[in-house]
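Undergrad: Quick one: sequence plus predicted model below, questions after.
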Amino acid sequence: MHTRISLAAAAALVLLGICPLLAQSVAGTWTASFDTQIGVQNYTYTFQVEGEKLTGTAKSQFGETKISEGVVKGDEISFVENLDFEGQALRITYKGKVSGDQIKFTRQVADVATEELVAKRSK
């Protein structure tokens with residue numbers, strides 16, 4: 001009986017130990033180049049992770065913005081980029097899935113467009 005409880009406790013501890021490692025794997029610099037309604041955009045994302053909280057910056061030819069509302073849970077990532085585009089505030093919401101050295105994102109640009117892109121880890 002004690003062996004089963006010990007194995008279950010050990011398994012739970014291992015899973016708790018792995019979850020932060022998965023979140024930490026997103027930390028670092030990622031780049032993406034993708035087609036949009038206004039032409040090709042080139043982005044550099046710099047992510048920091050603390051627990052499930054994601055912070056960092058999104059940099060493009062339109063400037064650099066701080067990431068807000070960032071969350072990493074396992075292989076799921078989401079955040080908001082509040083971009084100032086030619087004096088107009090644009091809320092861009094990202095949702096993605098991490099797979100190795102790439103993140104497949106869907107981003108919602110205000111109520112204007114939905115775009116898909118792949119960010120790759122910089123090496």
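TA: Cool, got the structure.

Undergrad: Okay, the residue most central in space within the chain and Phe105: tell me how far apart.
TA: What sits nearest the mean C-alpha location of the chain, by CA atoms, centre = their mean, is Ile77, with 4.2 Å. Separation of Ile77 from Phe105 (CB to CB, to the nearest Å) stands at 8 Å. (C-beta placed from N, C-alpha, C; glycine too.)

Undergrad: all helices of this structure, in order?
TA: For the chain, the helices defined by DSSP state H occupy 2-24.

Undergrad: Low-confidence bits of it, can you list those?
TA: Within the chain, the set of residues satisfying pLDDT under 70 comprises 1-24.

Undergrad: one more time with 50
TA: 2, 7-23 (pLDDT under 50).

Undergrad: if I look at the residue nearest to the centre of the chain, how far off is Ala89?
TA: Applying CB to CB, the value for Ile77 to Ala89 is 23 Å.

Undergrad: shared neighbours, Ile77 and Phe105?
TA: Contact criterion CB atoms under 8 Å, 6 or more residues apart in numbering; residues shared by Ile77 and Phe105: 94-96.

Undergrad: Mind putting those into JSON lines with distance to Tyr45 and neighbour count?
TA: Formatted as JSON lines, those follow (distance: CB to CB, whole Å; neighbours: other CB atoms under 10 Å):
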{"residue": "Tyr94", "distance to Tyr45": "9", "neighbour count": "22"}
{"residue": "Lys95", "distance to Tyr45": "14", "neighbour count": "14"}
{"residue": "Gly96", "distance to Tyr45": "10", "neighbour count": "23"}
